[in-house]
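Participant: Sequence first, predicted coordinates after that:
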Amino acid sequence: MWDKKGEDISFNWFYKLKERLLEEQQETEFSGERESTEALAALSDEELVKYASARANKCNSMGNISVGNPDKEKVEIIQKALADAGANITDPAGTFGATTLMATIAAQKQTGIRTDGCVGSETIEALKLPFKGRPQPKNVSIGTGKCRYKKSGNTRRTRELIQSSGFDYTEGRKGRIKIDPQWQRENVVRIKLHTGKTIRIHRQIATLFAKAFKEASEVSGYAPRSVQTQVARHILWDPSKPVSNHSYGMAIDFNPRENPYGMDTGKIREYPEFINIMNCYGFLWGGDWSTPDDMHFEFDVTRL
């Protein structure tokens, strides 16, 4: 790994910088998963290049594009867009190297988006690249009818309603909880999805979820193999936070590894039809939140 002076970058340096960024960021809902846009904007050009270089493998592993990305065709498209905007790129065509990185960071600065050197959905939109970017909410047909996409819905009210009709529990280890067995028997069922996977989910939404997931998968072509539903825990596994809607079987996480919390770079964004259809069946998408949670959907119980 290199910086613009050709020096090696130690991961000790990277983690120290992350700690500093976490101290400086001001987002009240920050999860510890990514640094705020404001904190990155305060870094010098040299620090930004170091930061972006150290993060390049993570960026590439999430389906985005940064230093060392092997997709020469896409890198060349990015280079052309940057050059057309006035950047002086001396890296070989199709190689995301030092000057491509610095030009990317400069373009991100100019357009007011995250200066992380990672070409994700925001940068794709800013440079008008012919790649799939952030899905746009839209009205879609489901079953035999149509619906209107609800970007934020009633997330807070949903949580209040769910938790007001909740259960007794005792604290477990590391943010886990132990739910009243009687409530569990009366409210949570096991169902088999069209993929063959069996999940536990609240009985009030079991049939609806199975239908929504099947239709969203078949229409969009995105069929997550990991479908995580009821998990008895606090939000973010933090005992100081409220009980998660996952505990009630009212929330679902799809493929967490490729749709990480706190980042707007999830694979699911390449399949807007999946998001739109799930939403129209009443499942609000966490990717719309101020701290994005691309893997997450939770049912809007005000629709029941």
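Facilitator: Sure thing, it's come through. Numbering: from 1, shown residues only.
Participant: where exactly do the helices run in the chain?
Facilitator: With helices called from DSSP state H, the chain shows them at 11-24, 37-41, 45-54, 56-61, 72-84, 98-111, 121-126, 155-164, 181-187, 206-220, 272-280.
Participant: looking at those helices, which is closest to V231?
Facilitator: helix 181-187 (12.7 Å; CB to CB). All C-beta atoms are positioned from the backbone trio N, CA, C, and that covers glycine.
Participant: returning to what we had before: could I get the helices of the chain as JSON lines with mean pLDDT, distance to F254 and mean neighbour count?
Facilitator: Shown next, in JSON lines, are the helices of the chain (pLDDT from 0 to 100; distance: least, CB to CB, whole Å; neighbours: other CB atoms under 10 Å):
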{"stretch": "helix 11-24", "mean pLDDT": "48", "distance to F254": "27", "mean neighbour count": "13"}
{"stretch": "helix 37-41", "mean pLDDT": "73", "distance to F254": "26", "mean neighbour count": "17"}
{"stretch": "helix 45-54", "mean pLDDT": "88", "distance to F254": "28", "mean neighbour count": "20"}
{"stretch": "helix 56-61", "mean pLDDT": "81", "distance to F254": "18", "mean neighbour count": "17"}
{"stretch": "helix 72-84", "mean pLDDT": "93", "distance to F254": "25", "mean neighbour count": "17"}
{"stretch": "helix 98-111", "mean pLDDT": "92", "distance to F254": "28", "mean neighbour count": "20"}
{"stretch": "helix 121-126", "mean pLDDT": "81", "distance to F254": "17", "mean neighbour count": "20"}
{"stretch": "helix 155-164", "mean pLDDT": "57", "distance to F254": "18", "mean neighbour count": "15"}
{"stretch": "helix 181-187", "mean pLDDT": "91", "distance to F254": "22", "mean neighbour count": "13"}
{"stretch": "helix 206-220", "mean pLDDT": "92", "distance to F254": "9", "mean neighbour count": "19"}
{"stretch": "helix 272-280", "mean pLDDT": "88", "distance to F254": "9", "mean neighbour count": "24"}
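Participant: Among those helices, which comes closest to A251?
Facilitator: helix 155-164 (9.2 Å).
Participant: K197 against Q228, yeah?
Facilitator: No: the criterion here is CB atoms under 8 Å, and K197 misses it with Q228 at 10.5 Å.
Participant: Give me the more crowded residue out of those two.
Facilitator: Between K197 and Q228, counted using other CB atoms under 10 Å, the more crowded position is Q228 (16 against 13).
Participant: mind listing what the closest residue in space to that one that isn't next to it in sequence touches?
Facilitator: Nearest residue to Q228 in three dimensions, chain neighbours excluded: D253, at 4.2 Å (CB to CB, 6 or more residues apart in numbering). D253 is in contact with S226, V227, Q228, T229, H246, N259, M295, H296, F297, counting by CB atoms under 8 Å, 6 or more residues apart in numbering.
Participant: Tell me how many other residues surround the first one.
Facilitator: This means S226. When neighbours are counted by other CB under 10 Å, S226 comes out with 13.
Participant: count of residues packed around the spatially closest residue to it that is not a sequence neighbour?
Facilitator: Once flanking residues are discounted, S226 sits nearest to N255: 4.9 Å by CB to CB, 6+ apart. By the criterion of other CB under 10 Å, N255 has 19 neighbours.
Participant: can you tell me how far N255 sits from M102?
Facilitator: 33 Å (CB to CB, to the nearest Å).
Participant: Report the beta-bridge partners for the residue nearest to Q228.
Facilitator: Beta bridges link D253 to Q228, H296, judged by DSSP bridges.
Participant: Can you verify my assumption that R233 contacts S247?
Facilitator: Yes: using CB under 8 Å, R233 is in contact with S247, at 6.3 Å.
Participant: With that, I have no additional questions.
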